[in-house]
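Asker: What follows is a protein structure lacking sequence information:
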């Protein structure tokens, strides 16, 4: 099992690659004056990013779909949301890879964290 530092590093690499894929897709949209986001190219990029997310989730022990939460709901920390992992715990603001790694590691060691 990966330790928190390793989980954080894996999340950081995943985040950078997904953001990079999104940036390239946006650059293509700018170049062509827009893209049909229901079309084949955006669909393929989305499917790859989603599959990559599921694979990294398995590697880091994310059984609560926290990477997806970090990606979609928190926009990789651009719109930080809070997680309270236990009744007696402090809220964790999901503002970067370190924060979501903390939640994933807490979750896999103690059970499902509250959202």
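Answerer: Yep, it's here. Please read all numbers here as calculations on a predicted model, not as lab measurements. Numbers count the residues shown, from 1 in each chain.

Asker: Over the strand or helix carrying residue 107, what's the mean pLDDT, rounded is fine.
Answerer: Using DSSP states H and E, residue 107 sits in helix 97-110. For helix 97-110, mean pLDDT is 92.

Asker: Return the list of helices and strands in contact with it.
Answerer: Judged by 3 or more C-beta pairs under 8 Å, 6 or more residues apart in numbering; DSSP states H and E, the packing partners of helix 97-110 are helix 4-31, helix 66-68, strand 92-94. For every residue, glycine as well, the C-beta is placed using N, CA and C.

Asker: Save these as CSV, and put in distance to residue 47 and mean neighbour count too.
Answerer: Putting those into CSV (distance: least, C-beta to C-beta, whole Å; neighbours: other C-beta atoms under 10 Å) gives the following:
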stretch, distance to residue 47, mean neighbour count
helix 4-31, 11, 15
helix 66-68, 14, 21
strand 92-94, 25, 19
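
Asker: Nearest to residue 111, out of these?
Answerer: Of all the helices and strands packed on helix 97-110, it is helix 66-68 that lies closest to residue 111, at 13.3 Å by C-beta to C-beta.

Asker: I'd guessed residue 84 sits against residue 94; true?
Answerer: No - counting by C-beta atoms under 8 Å, residue 84 sits too far from residue 94 to count as a contact (11.4 Å).
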